[in-house]
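Colleague: Take this sequence and fold it.
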Amino acid sequence: MTESMGMTSEQLDELCANWPGATRSIKWEVDLVWSVSGKMFAIMCMLGPERGRLSFKVGPDRFLEMTDRPGITTAPYMARAYWVSINEPGEFSEIELSNHVRQSYELVRAGLPRKTQRALGVTLP
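Modeller: Just a heads-up that it's a prediction; the model follows:
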């Protein structure tokens, strides 16, 4: 992974493609959505004035810290579920964005039923 700024849809696809249970779809005609077992963990706007906006889930303990940062806002319609949006992803490194998306995937996956997690190969205590 490079130190480049921002993240393209191709980089997001490459990042998420091999994660257990991760699937790609287009929703609402403009958003590239990555989900695990039907639960969204990353959304990238592909068209229109918000093109490039990247949204993902964060833990409740990080929500206020994240939304206090310049360039990060509460995600439209999803803030109550602790989702944030990065409206100018070019202001953040690809590595930082990748880490946020990975943490979102792990948070969403951890919220799945134990049977589903086991089916994904997740080792549970």
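
Colleague: How about the contacts made by the most centrally placed residue in the chain?
Modeller: With the centre of the chain defined as its mean C-alpha position, the nearest residue by Cα atoms, centre = their mean is Ala42, 2.7 Å away. Taking Cβ atoms under 8 Å, 6 or more residues apart in numbering, we find Ala42 in contact with 12, 16, 33-34, 54-56, 101, 104-105. (Each C-beta comes from the backbone N, C-alpha and C, glycine too.)

Colleague: from those, which is closest to Gln117?
Modeller: Nearest to Gln117 out of the contacts of Ala42 is Tyr105 (Cβ to Cβ; 12.4 Å).

Colleague: all strands of this protein, in order?
Modeller: Along the chain, the stretches classed as strands by DSSP state E are 22-27, 31-36, 39-45, 54-57, 72-74, 83-86.

Colleague: Please list the outside residues in contact with the last one.
Modeller: With Cβ under 8 Å, 6+ apart as the test, strand 83-86 has contacts from 53-58, 63, 66-67, 71-76, 92, 97, 100.

Colleague: And these, which of them are buried?
Modeller: Restricting the contacts of strand 83-86 to buried positions leaves 53-58, 63, 66-67, 72-75, 92, 97, 100, with burial counted as 16 or more other Cβ atoms under 10 Å.
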